[in-house]
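> Got a predicted model here, sequence first, then my questions.
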Amino acid sequence: MDTNVSRVLRLFRISVPPVFFLLACYVFLGEHVFGLAYVIGKRLKPRLRATLRGLYRLGTAFIAFFMHTYLWYACADEETSACPRTHFGERHCLAITSTSALYCGATLLMERWANPLFELNMPTGLRARTCAAMGLMLTWITIADQQLCAHLLLLLFTSRRTLVHFPAVEKVYALCIKLYSFVHMSRVLTHKCDAIPKLAVATVAAMAVL
């Protein structure tokens with residue numbers, strides 16, 4: 001394996017505890033901490049607020065679309081299988097995987113401000129925050145262990161942002177990813193795939209509540 005690739009994967013392993021701390025803060029910080037965003041949002045004119053909300057959703061959807069398609073291009077295996085080869089050892093695949101994980105983490109934290117500021121009407125309860133944090137933490141761990149589940153989780157996260165204006169299509173597409181994850185888990189548990197069983201099970205369980 002290339003030295004730079006090994007270094008990046010090692011960074012993911014080392015950064016698991018700091019990421020866990022950041023996500024714990026994300027989960028347990030209440031809405032009153034972001035009171036300033038509520039105040040500023042209330043003072044924005046409705047038309048300006050709607051414009052900023054539209055630009056925010058369009059911008060994040062465009063970036064997510066680019067990452068989603070590049071994940072397919074750089075990391076998808078040529079053979080259609082429930083046990084495809086992972087391409088973490090290839091620079092392009094690892095680069096887009098790392099970038100997508102950072103993007104998902106950054107937008108997750110940023111939206112604690114953007115949600116009240118632009119009135120995105122996204123769920124912000126403790127359960128929703130816990131599920132989102134759990135999914136991102138699992139993504140971080142599966143990247144460090146070079147598991148296919150990392151790509152499946154990233155495809156799920158980026159597709160939801162890409163298809164934010166097409167909820168029906170997003171639900172069908174997300175269901176396809178979840179079904180594929182379940183098939184992959186079944187193959188792993190029957191020892192027909194070379195992967196870590198507990199991470200495959202954890203991925204399916206996380207997707208069930210995401």
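Okay, I see it.

> for the protein, what spans make up the helices?
According to DSSP state H, the chain carries its helices in the segments 3-14, 16-28, 35-43, 46-75, 91-118, 126-144, 148-162, 167-189, 197-209.

> Which of the residues in the third one are classified as buried?
Put plainly, it is helix 35-43. Of all the residues in helix 35-43, those buried under the rule 16 or more other CB atoms under 10 Å are 37-38, 41. Where you see a C-beta, it was placed from the backbone N, CA and C, and this is true even at glycine.

> same check, this time on stretch 6-26
Buried positions in stretch 6-26, judged by neighbour count with 16+ other CB under 10 Å: 8-9, 12, 19, 22-23, 26.

> before we move on, what about stretch 42-60?
By neighbour count on 16+ other CB under 10 Å, the buried set for stretch 42-60 is 44, 49, 52-53, 56-57, 60.

> residues contacting Phe157?
64, 100, 104, 135-136, 139 (CB atoms under 8 Å, 6 or more residues apart in numbering).

> from those residues, which single one is nearest Ala168?
Set against Ala168, the nearest of those by CB to CB is Ala64 (17.8 Å).

> Which of the helices of the chain sits closest to Ala82?
Nearest of these (CB to CB): helix 167-189, 4.8 Å.

> which strands and helices sit next to that closest one?
helix 148-162, helix 197-209 (3 or more CB pairs under 8 Å, 6 or more residues apart in numbering; DSSP states H and E).

> how close does the spatially closest residue to Leu29 that is not a sequence neighbour get to Leu120?
Among residues not flanking Leu29 along the chain, Arg112 sits closest, at 7.3 Å (CB to CB, 6 or more residues apart in numbering). From Arg112 across to Leu120, the span is 11 Å (CB to CB, to the nearest Å).

> Return the list of helices and strands in contact with the helix or strand of the chain with the lowest mean pLDDT.
Across the helices and strands of the chain, mean confidence by mean pLDDT, DSSP states H and E is lowest for helix 3-14: a mean of 86. Where contact means 3+ CB pairs under 8 Å, 6+ apart, helix 3-14 is packed against helix 91-118, helix 126-144.

> TSV for those, including mean pLDDT?
Shown next, in TSV, are those (pLDDT from 0 to 100):
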stretch	mean pLDDT
helix 91-118	92
helix 126-144	93
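
> Nearest approach to Arg161 belongs to which of these?
Of all these, it is helix 91-118 that lies closest to Arg161, at 7.4 Å by CB to CB.

> Report the angle between the closest one and helix 16-28.
Interaxial angle, helix 91-118 versus helix 16-28 (axes from the mean of the first three to the mean of the last three CA atoms, to 10 degrees): 20 degrees.
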